[in-house]
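Undergrad: Here's my sequence, what's the structure:
(one chain, ligands or ions: 1)
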Amino acid sequence: MSFACLWPWLAGGEPAGEPSSRHSEFTTEEQPRAMSLAGVSCLVTGAGGFLGQRIVCLLLEEKEALTEIRLLDKAFSDEALGRFDKFKGKTEVKILEGDIRDVTFLHRACQGVSLVIHTASLIDTLGLIEKKLLWEVNVTGTQLLLEACVRCNVQHFIYTSTIEVTGPNCKGDPIFNGDEDTPYESTSKFPYAQSKRLAEDSVLKADGQVLKDGGTLMTCALRSMYIFGEGCPFLQGHLDKCLLNKNVYLRFSRKEALVNPVYVGNIAWAHVQAAKALRAPQKAKHIRGKFYYISDDTPHMSYADLNYELTKDLGFGIEPQLPMPLTVLYYFSLLLEIVSFLLRPFVRYIPSTNRHLVTLLNTPFTFSYRKAQQDFGYVPRYTWEEAKQGTAPGRGHSGQSGIGA
Ligand SMILES: NC(=O)c1ccc[n+]([C@@H]2O[C@H](COP(=O)([O-])OP(=O)(O)OC[C@H]3O[C@@H](n4cnc5c(N)ncnc54)[C@H](O)[C@@H]3O)[C@@H](O)[C@H]2O)c1
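TA: Have a look, this model is predicted:
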């Protein structure tokens, strides 16, 4: 497929190959709207994070109220706590501050809960975090949580996975509108991607495990695209660099490297819909033990162009080309990695770029949400225009999941 035929989407049309509307293929009585989380006690890990907060807000907004939501994170900002405080519904909210690696703490957190949404993770695209710590939190933490679920008879478990589990691989093989059946050689050895892959494996293998009370654990994983939206820490970082560069974005990805990031409200909504479907036996049998790509109707464009698109109303510009040809950039990154390796006995130097990042940012890699739509009725809750409006700097997180509410 040529890049040219993808560009018309930038004009605001529907991405090709995507189910054209915001309608799912469910029949009326199967609509997930009919399903609910009424009376459920749910644990959300990483609840103080960018995505976790949004999931919690959506759960608190549910018309048919949950009985209880436990919010687990190693730390909560005052801002996040204030946000949850605004909701005055029937759902009881409990804050659990602690570490995902603490078995006793996990046991306490899972007691009496029937649904776990596991978003807590360390994210690292530069190699800043020691591999051991990354493993302990992302892999061991997930496995400990699954064990706690089995001991505490938690029936439903949803894991926030990432597109990086798939790739792109070291060769930079592209994918256009891929789906769960698209064959791909995943060769990335980058620690964050590997840790998420292992954690996802553990989650999907745990499906069907017998709970202490004889029940069955049902799991699924949502492979999220890169997430943007209100309070997005990555976008904030790029904005800071843009301000230092006389209000012009550095072009870190070439125009042709089309990706389809997902708006935070939509990926959060996918978690809520998957949770509802896991509770409905007819739906659960389709989704348990499986992973799903979650994207939305964000036009396909490069990461750099997305940042520009989201903030251009503020008068920012973007450099037309990469700072150097892609191949040169790749070998320059390799050189920096070698320098970092040689300096290791003396000083810890982490370069600002590496081959993995250059490949990630410059490989076309787009995925359809069609299977999630078919299997559990996921349709994006917010349009691209709403997502863009909500993300614009200065608007912040409104505290409600509705854009600008
Ligand atoms: N941000 C993205 O673009 C993106 C894309 C795909 C997938 N994801 C996945 O989505 C999930 C949420 O990401 P996010 O962007 O909200 O990141 P985030 O860093 O804002 O949230 C992660 C949360 O996990 C918590 N956490 C980390 N270590 C912990 C520990 N040891 N014990 C308890 N809590 C701990 C952090 O305090 C943080 O609040 C992650 O699993 C991530 O891998 C994110």
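Undergrad: CA only for contacts and neighbour counts going forward, please
TA: Fine.
Undergrad: Just to check, Leu51 is in contact with Val264?
TA: Yes - using Cα atoms under 8 Å, Leu51 is in contact with Val264, at 6.3 Å.
Undergrad: more crowded one of those two?
TA: Val264 (28 against 24; other Cα atoms under 10 Å).
Undergrad: Let me know the helix or strand that the closest residue in space to Ala268 that isn't next to it in sequence is in.
TA: Leaving aside its chain neighbours, Ala268 sits nearest to Ile55 (4.8 Å; criterion: Cα to Cα, 6 or more residues apart in numbering). In this assignment (DSSP states H and E), Ile55 forms part of helix 50-61.
Undergrad: Show me what the helix or strand just after that helix is packed up against.
TA: Using DSSP H and E, the next helix or strand after helix 50-61 towards the C-terminus is strand 68-73. Counting contacts by 3 or more Cα pairs under 8 Å, 6 or more residues apart in numbering; DSSP states H and E, strand 68-73 is packed against strand 41-45, strand 92-97.
Undergrad: ok, and for strand 68-73, which residues are buried?
TA: 68-73 (16 or more other Cα atoms under 10 Å).
Undergrad: Tell me the strands beside it, with direction?
TA: Strand 68-73 sits in its sheet next to strand 41-45 (parallel), strand 92-97 (parallel), going by DSSP bridges.
Undergrad: Determine which stretch of the helices and strands packed on strand 68-73 is the most buried.
TA: Comparing the helices and strands packed on strand 68-73 by mean neighbour count (mean count of other Cα atoms under 10 Å), strand 41-45 comes out on top with a mean of 26.
Undergrad: Just give me how far it sits from the chain centre.
TA: 17 Å (Cα atoms, centre = their mean, to the nearest Å).
Undergrad: Contacts for it next, please.
TA: Applying Cα atoms under 8 Å, 6 or more residues apart in numbering, the external contacts of strand 41-45 come out as 52, 56, 66-73, 109-110, 112-120.
Undergrad: Those residues: which ones sit near the ligand?
TA: For the ligand, the contacts drawn from those by Cα under 6 Å from any ligand atom are 52, 73, 119-120.
Undergrad: Distance to Tyr226 and pLDDT added to those residues, as a markdown table?
TA: Below are those laid out as a markdown table (distance: Cα to Cα, whole Å; pLDDT from 0 to 100):
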| residue | distance to Tyr226 | pLDDT |
| --- | --- | --- |
| Gly52 | 15 | 98 |
| Asp73 | 21 | 98 |
| Thr119 | 14 | 98 |
| Ala120 | 16 | 98 |
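Undergrad: Out of those residues, which is nearest to Arg83?
TA: Each of those was scored against Arg83 by Cα to Cα, and Gly52 proved nearest at 12.2 Å.
Undergrad: Tell me how many other residues surround that closest one.
TA: Gly52 has 23 neighbouring residues, counting by other Cα under 10 Å.
Undergrad: returning to that earlier point: so for the ligand, which of the strands paired with strand 68-73 sits nearest?
TA: strand 41-45 (6.5 Å; Cα to the nearest ligand atom).
Undergrad: For beta bridges, what are the partners of the residue nearest the centre of the chain?
TA: Centrality entry for the chain: nearest residue to the mean C-alpha point is Ser224, 4.0 Å, by Cα atoms, centre = their mean. Beta-bridge partners of Ser224, counted by DSSP bridges, are Thr162, Ile294.
Undergrad: From Leu250, how far off is it?
TA: 25 Å (Cα to Cα, to the nearest Å).
Undergrad: do the same with Lys63
TA: Counting by Cα to Cα - Lys63 and Leu250 are separated by 44 Å.
Undergrad: and these two? which has more neighbours close in?
TA: Counted by other Cα under 10 Å, Lys63 and Leu250 do not tie: Leu250 has more neighbours, with 20 against 11.
Undergrad: Give me the pLDDT value at the residue nearest to the more buried one when sequence neighbours are not counted.
TA: In this structure, Leu250 finds its nearest non-sequential neighbour in Glu319, 5.7 Å apart by Cα to Cα, 6+ apart. What the model reports for Glu319 is a pLDDT of 91.
Undergrad: hmm, who's touching stretch 252-262?
TA: Contacts of stretch 252-262 (Cα under 8 Å, 6+ apart): 3, 224-228, 294-305, 321-323, 358, 361-367.
Undergrad: And those residues, which of them are buried?
TA: Using 16+ other Cα under 10 Å, the buried members of these are 224-228, 294-305, 358, 361-367.
Undergrad: before we move on, what SS does Gln194 have?
TA: Secondary structure for Gln194, judged by DSSP: H, G, I helix; E, B strand; the rest coil, is helix.
Undergrad: give me every residue that touches it.
TA: By Cα under 8 Å, 6+ apart, Gln194 lies in contact with 165, 188.
Undergrad: how close does it get to Ile287?
TA: 23 Å.
Undergrad: which parts of stretch 314-328 are buried?
TA: 316-318, 326.
Undergrad: and these, which of them are in helices?
TA: Of the buried residues of stretch 314-328, the ones assigned to helices by DSSP state H are Leu326.
Undergrad: Let me know the closest of the buried residues of stretch 314-328 to the ligand.
TA: Taking these together and measuring to the ligand by Cα to the nearest ligand atom, the closest member is Ile318, at 21.2 Å.
Undergrad: Surely the closest one is in contact with Asn245?
TA: No - Ile318 sits out of contact with Asn245 when judged by Cα under 8 Å, with a separation of 10.0 Å.
Undergrad: Do you have the helices of this protein handy? List them.
TA: Under DSSP H, the chain gives helices at 50-61, 78-85, 103-110, 131-135, 141-151, 191-206, 233-244, 264-279, 281-287, 303-311, 326-343, 355-362, 370-376, 384-391.
Undergrad: So the shortest one, near the ligand or not?
TA: No - judged by Cα under 6 Å from any ligand atom, helix 131-135 stays clear of the ligand, getting no closer than 8.7 Å.
Undergrad: Counting by contacts, list what that helix packs against.
TA: Helix 131-135 packs on helix 191-206, going by 3+ Cα pairs under 8 Å, 6+ apart.
Undergrad: where does the chain come near the ligand, residue by residue?
TA: 46, 48-52, 73-75, 98-101, 119-123, 137, 160-162, 224-227.
Undergrad: Tell me the buried residues within these.
TA: For the residues of the chain next to the ligand, buried by 16+ other Cα under 10 Å: 46, 48-52, 73, 99-101, 119-122, 137, 160-162, 224-227.
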